[in-house]
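Enquirer: sequence first, then the predicted structure, then my questions.
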Amino acid sequence: MFILYWGGDTIRKSNAKTSLKDIAYKKIKDIIMEGEEEFTSESSLVALLNMSRTPIRDALHRLETEGFLKIYSNQGIYFWNPTPIEKNELFDLRIAIETYSIRQVPEFTEEHIDYLKKNVENQHLAIINEDYSFFNELDMDFHQYLLEVNGNSQFLRNYRNCRERLMTVRTAKHLLKSQIDSIKELIEDHMRIVEALNKDSQSISAKLLEEHITKGKVPIF
């Protein structure tokens, strides 16, 4: 469960005891998400992270399996940089998962609706404060929460993978800051989706959600 603490300026997730390979996994993924580098090497990561090769190798193989990078023998490690077609395919996967999921919820409770409305309110505040990284976290949580209400763990896993891979192109701060008008439109989309829930979740809200996600696609020339 992705946990938000609305009183602060950041989102904090619940902590658990973490192994070295999990620490390496998170640190390497953070490097990928920053979007500043296109490739690296195992030796460079050993020096940068001040860790042994074993947890780093475990983390690299996990990230390769998840599609974040490609390991080439004697060449190095290349971070995934999607083509426009690949990006649109990930958006199509999100549409399939998220719209199907929302149709399977018989009713969204008052607690569900309040949570989503509070999320959207904080999206507005994040943009006012020019906290684009926080907005990105809130946006991710909005969509993830709709899936959590359904409760399908495979949908959640695939959503997180799609979302994170799409955000490896550039950091959220640089990507979103240049699209402030589009962000405001997306926030309005979120509120319309929330307001449509329970009125006719099998058609209206799912259709609005599909139109909303489709806006992320890029033109194919």
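Expert: Structure's in. What do you need?
Enquirer: ok, residue 182 - how many residues close by?
Expert: The burial count assigned to residue 182 is 12, neighbours taken as other Cβ atoms under 10 Å. Just so you know, the C-beta spots here come from the backbone N, C-alpha and C atoms, and that holds for glycine as well.
Enquirer: contact partners for the nearest residue to it once chain neighbours are set aside?
Expert: Closest residue to residue 182 apart from its sequence neighbours, by Cβ to Cβ, 6 or more residues apart in numbering: residue 215 at 7.5 Å. Going by Cβ atoms under 8 Å, 6 or more residues apart in numbering, residue 215 touches 182, 185-186, 189.
Enquirer: wait, residue 77 touches residue 59, no?
Expert: No. The pair residue 77 / residue 59 is not scored as a contact, 11.0 Å apart, by Cβ atoms under 8 Å.
Enquirer: neighbour count winner among those two?
Expert: Between residue 77 and residue 59, residue 59 has the larger neighbour count (other Cβ under 10 Å), namely 23 against 20.
Enquirer: does that one touch residue 28 like I think?
Expert: Yes. At 5.4 Å, residue 59 and residue 28 qualify as touching, with contact defined as Cβ under 8 Å.
Enquirer: for this structure, which segments count as helices?
Expert: With helices called from DSSP state H, the chain shows them at 20-34, 42-49, 53-65, 84-103, 110-128, 132-150, 153-166, 172-177, 180-196, 206-214.
Enquirer: return the most buried member of those helices.
Expert: helix 132-150 (a mean of 20; mean count of other Cβ atoms under 10 Å).
Enquirer: what sits against the residue nearest the centre of the chain?
Expert: Nearest to the mean C-alpha position of the chain, by Cα atoms, centre = their mean, lies residue 163 at 3.3 Å. Residue 163 makes contacts with 94, 140, 143, as judged by Cβ under 8 Å, 6+ apart.
Enquirer: looks like the last one contacts residue 156 (just checking).
Expert: No. At 10.3 Å, residue 143 does not count as touching residue 156 under the criterion of Cβ under 8 Å.
Enquirer: anything in contact with each of the two?
Expert: Common neighbours of residue 143 and residue 156, using Cβ under 8 Å, 6+ apart, do not exist here.
Enquirer: where's the residue of the chain most remote from its centre relative to residue 41, distance?
Expert: Going by Cα atoms, centre = their mean, the residue of the chain most distant from its centre is residue 74, 31.9 Å out. The gap separating residue 74 from residue 41 is 10 Å, by Cβ to Cβ, to the nearest Å.
Enquirer: residues touching residue 85, list them.
Expert: Counted by Cβ under 8 Å, 6+ apart, residue 85 has contacts residue 220.
Enquirer: where does it land on pLDDT?
Expert: pLDDT recorded at residue 85 is 93.
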